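Asker: Build the 3D model from these lines:
(chains A and B)
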Amino acid sequence: MSLTQPNRPSPPSWKSALTWLRRNLFSTWYNSVLTLVSLWVVYQGGRGLLVWMFSQAQWTVVQVNIRLFLVGRFPVDQLWRVWLVVLMMAAVTSLTAGILQSSRRGLMGVGLVTAGAVGLVPLFKGQSSDIIWVLAIGSMALVNLGLGPMLKARLPSQRLSRGMVTLWVLALLSLLWLLLGGWGFSPISTQQWQGLLLTVLTAVISMGLSFPLGVLLALGRRSPLPVIRTLCIVYIEVIRGLPLIGILFVAGIMLPLILPSHIQLDDLVRAICGLTLFSAAYLAENVRGGLQAVPQGQIEAAKALGLPPLLVVWLVILPQALRSVIPTIVGQCIGLFKDTSLLYIISLVELTRISRTVINQPRFIGRYAEVYLFIGLIYWLVCYLISVGGRHLERQLGVE
Amino acid sequence: MPKHRQGKGWTQLYLRKLRNRTVQGWIGQSLILLVVGLAIAYFGTNLVQNLQRLQIPFGFDFLFTKSGPSIGETLIEYSDTDSIAWAFGVALLNTLRVVLLGILWATLVGVLVGMARLSDNWLVKKLATVYVETLRNFPLLLQLLFWYLAVFLKFPSFENRIQLPGPIYLSKNGVAFPWLQPNSATMIWLITLGLGGAVSLWLWRFLIRQQIEQGTANKPWLWPLLLLTGLCGLAALTTQQPPFWITRPQVIENLVVEGGIQFTSEFSALLLGLTLYTAAFIAEIVRAGIMAVAKGQWDAAQALGLKPAFVMRFVVFPQALRVIVPPLTSQYLNLAKNSSLAVAIGYPDIYYVASASLESTGRSVEIVVVLMAVYLTMSLIIATLMNLYNRSIQLVER
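Answerer: Okay, the predicted model is just below:
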């Protein structure tokens, strides 16, 4: 670095743009060819897509059927229960997010999303009550995001985390109560859970159930006791060698056969069993990676402190192991969410299946492309949200 | 410690033994074994009782009854008066066809896209990123349905087929394009090329090793290439025939296609969907593998004066391969397992035929056993082959 360099004015912007072009697009002759070819691809593809989207596609199929996509044939007069569930989940999630990490960007994001959602309601021919619900959900999220840091400042962290866990458990229990009915509400059968609602519910429940099972399997696979280790290895490897629909098939057909005849299992319960058994095996392998990454010194130090083996695992090994595999676990959540589309094959009316029903409506026969692009967008959005949430969690827990 | 607890009565000894870790371990393990055994026995008796109640017999002899399900697309002779076992074989061939082609194409596309993501061309890099991020985040089933229902079935009917140069015919019935047809000289050509190729490959590697050891530029590709060209010339002279004839699809009376090779819409959609989806994952693996090679390796190789292509071929790629192969194996396994989604678009793979024969025979337990055996064997074979390959490219430490 020379200090005597004169203060030259920065080159005019068109010149730097040219330099950028030359460096990034036309550095060698084959790069120029590649650039031209890609430009042609972008032009053709983009033009085709735009022309199709704005002149050939008929989006009324989505407009008219939005309720089917989101909740399927959930009884219309009971829809407020779904809204209430969303409100409750938004409240708990935003409170947790606010406590973990509150930023002005998060607040602005929630505000923008709410405004956008309010704008979407008339587009999909919603009623004014829908707007009120959306506004209520949005403002609840905003308030809770603001409330989080205040709670964090006032309450000791141990009481706070215990309170949040209780809140989550209560929220999940009342979710089941609201959606299933009973105890004062009219009962709703699980066959009426459809569309995106069913997709999200199965994904969340299966992930929640497979998590403890997967962790146990991972610990079992690393156990020094040969019998436990062998059992875990056999389970994990057999499940990983089979396709998911094979496992759903087994769960659908074999579960009723191996249980006593008086137990009748709901279709949804069988599917969730299949998804859980499947996901646990993959989760176990991911967690095992984390277990292997915990330095031996940590375990020896914990033992030297006189901790009993179970506490060594619970207090020392698992927190470090799980923290280091958050990215892969987030990846697996996304995978599981996408995999719920396989319930299509065993005739559960989730998002992909309900789109089939929509296309079979006489008015919209053959509108495959519109419908599949739309539900693809829904899948993509949820996956994106999961990965953003995962990245925040990672940063919060200090994973490098 | 109080005196009486130090006594040497057998109960005391026994209790002290119980406190021993290993003994505890064994007791715990036998308990778990007992529980697992009891659970299996419980489920087993339920199974037997349920099968008796539903009056479903058990046994694999039904596989040989001559009433296979109807299969739309077969590689070998099959009719629904053949046995169910034969139907399974036909379906297995269908599965293998899509899995092998899928692995081949997904690897090619994946490596290309992965390289493109590392390209110094901004536009190419962005395009590759868009490809990967889009395809990875849509469920595969949705993609398959999209390709099948919204693309392949939207082609015009066969009478109004689209003709591309080649000729390649696109229609609702599928794709037809030119292909190779073996002739009387094919065997001779294959033997010549196989042996010649092996010898040239060996020679090429030998010469390269010599070049690396001696540090002289002796054009290692020259002699092998000459050898191979010579052998080809010899084969052409003796047989007076090319190795293959090229057959073009020909439309006869506007109804059927003959010659060339024809893929049905189901097969094409499945192959395309599986390939593009898996390629997106492979691209990420390739990118991560190449990026995992330390930057010093690039610098050192360039400092030694190696050409860019050589840096990639001899320094970076061999090291990247060690990172790439294990996750690549699991992508191949995923592709093989995902091929079972064929059932959603009606391509008769093994899962499709299994569920079809379940409907006609009701033999759920046996069919589940066969299905599991087939998939586990396929996974095992892929994993074993890839592990062998993995071992062959590992770093040999001195």
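Asker: Please count neighbours and contacts with C-alpha atoms only from this point.
Answerer: Will do.
Asker: hang on, A:Met207 packs against A:Ile334?
Answerer: No: under the criterion of Cα atoms under 8 Å, A:Met207 makes no contact with A:Ile334, lying 10.3 Å away.
Asker: Tell me who's in contact with B:Trp105.
Answerer: Taking Cα atoms under 8 Å, 6 or more residues apart in numbering or on different chains, we find B:Trp105 in contact with B:Thr275.
Asker: For the biggest helix by length in chain A, could you pull out the residues that count as buried?
Answerer: Ranked by residue count and defined by DSSP state H, the top helix of chain A is helix A:368-396. Neighbour counts over helix A:368-396 (16 or more other Cα atoms under 10 Å in any protein chain shown) mark A:368-372, A:374-376, A:378-380, A:382-383, A:386-387, A:390-391, A:393-394 as buried.
Asker: what do you get for stretch B:314-334?
Answerer: Across stretch B:314-334, burial judged by 16+ other Cα under 10 Å covers B:315-334.
Asker: Below-threshold pLDDT in the chain: ranges please.
Answerer: The chain I'm using is chain A. Applying pLDDT under 70 to chain A flags residues A:1-13, A:102, A:398-400.
Asker: that answer is for a different chain, and I need it for chain B
Answerer: Using pLDDT under 70, chain B drops low at B:1-8, B:10, B:13, B:17-19, B:254, B:397-398.
Asker: Secondary structure class of B:Gly68, three-state.
Answerer: The three-state label given to B:Gly68 by DSSP: H, G, I helix; E, B strand; the rest coil is coil.
Asker: Also the one 4 residues further on?
Answerer: Of the three states, B:Gly72 takes coil under three-state DSSP.
Asker: can you pull the contacts of it?
Answerer: With Cα under 8 Å, 6+ apart, B:Gly72 has these contacts: B:347-348.
Asker: ok, the closest residue to B:Ile393 other than its chain neighbours - contacts?
Answerer: Of all residues beyond its chain neighbours, the one nearest B:Ile393 is B:Arg322 (6.7 Å), with distances taken as Cα to Cα, 6 or more residues apart in numbering or on different chains. By Cα under 8 Å, 6+ apart, the contact list for B:Arg322 reads B:289, B:390, B:393-394.
Asker: Contact residues of chain A facing chain B?
Answerer: A:24-26, A:31, A:34-35, A:38-39, A:225, A:227-228, A:238, A:241-246, A:250, A:253-254, A:257-261, A:338-339, A:341-342, A:345, A:352, A:367-369, A:372, A:376, A:379-380, A:383 (Cα under 8 Å from any Cα of the partner chain).
Asker: Return the members of those classed as buried.
Answerer: With burial judged by 16+ other Cα under 10 Å, the buried subset of the residues of chain A next to chain B is A:24-26, A:31, A:34-35, A:227-228, A:238, A:241-246, A:250, A:254, A:257-260, A:338-339, A:341-342, A:345, A:352, A:367-369, A:372, A:376, A:379-380, A:383.
Asker: Which residues are in contact with the closest residue to chain B within the stretch 301-400 of chain A?
Answerer: Nearest residue of the stretch 301-400 of chain A to chain B (Cα to the nearest Cα) works out as A:Lys338 at 4.8 Å. Shown in contact with A:Lys338 (Cα under 8 Å, 6+ apart): A:379, B:137-140.
Asker: Just the element for the residue nearest to B:Ile393, please.
Answerer: Following DSSP states H and E, the helix or strand that holds B:Arg322 is helix B:317-338.
Asker: for the next helix or strand after that helix, the distance to its chain's centre please.
Answerer: Using DSSP H and E, the helix or strand that follows helix B:317-338 in sequence is helix B:342-345. Put simply, helix B:342-345 sits 18 Å off its chain's centre (Cα atoms, centre = their mean, to the nearest Å).
Asker: buried sites along helix B:342-345?
Answerer: B:342-345.
Asker: closest to B:Thr74 among the contacts of B:Arg322?
Answerer: B:Asn390 (34.3 Å; Cα to Cα).
Asker: Can you say which helix or strand has that closest one in it?
Answerer: Going by DSSP H and E, B:Asn390 is part of helix B:364-393.
Asker: now swap in B:Leu180 and tell me
Answerer: strand B:179-182.
Asker: Go through that strand and flag the buried ones.
Answerer: Within strand B:179-182, judged by 16+ other Cα under 10 Å, the buried ones are B:Trp179.
Asker: returning to what we had before: for B:Val286, see how far away the residue nearest to B:Ile393 is.
Answerer: According to Cα to Cα, to the nearest Å, B:Arg322 stands 11 Å off from B:Val286.
Asker: Over to B:Leu170?
Answerer: Taken as Cα to Cα, the span from B:Leu170 to B:Val286 is 33 Å.
Asker: For these two, work out which one has more neighbours and name it.
Answerer: B:Val286 (28 against 22; other Cα atoms under 10 Å in any protein chain shown).
Asker: ok now do the residue nearest to that one when sequence neighbours are not counted, which residues does it touch?
Answerer: Leaving aside its sequence neighbours, B:Val286 sits nearest to B:Gly114 (Cα to Cα, 6+ apart; 5.4 Å). Listed by Cα under 8 Å, 6+ apart, the contact partners of B:Gly114 are B:128, B:282-287.
Asker: My read is that B:Ile103 contacts B:Lys337, right?
Answerer: No: applying Cα under 8 Å, one finds B:Ile103 not in contact with B:Lys337, separated by 11.8 Å.
Asker: Show me which of these two is the more surrounded one.
Answerer: B:Lys337 (23 against 20).
Asker: Give me the distance between that one and B:Met372.
Answerer: Distance of B:Lys337 to B:Met372, computed by Cα to Cα: 11 Å.
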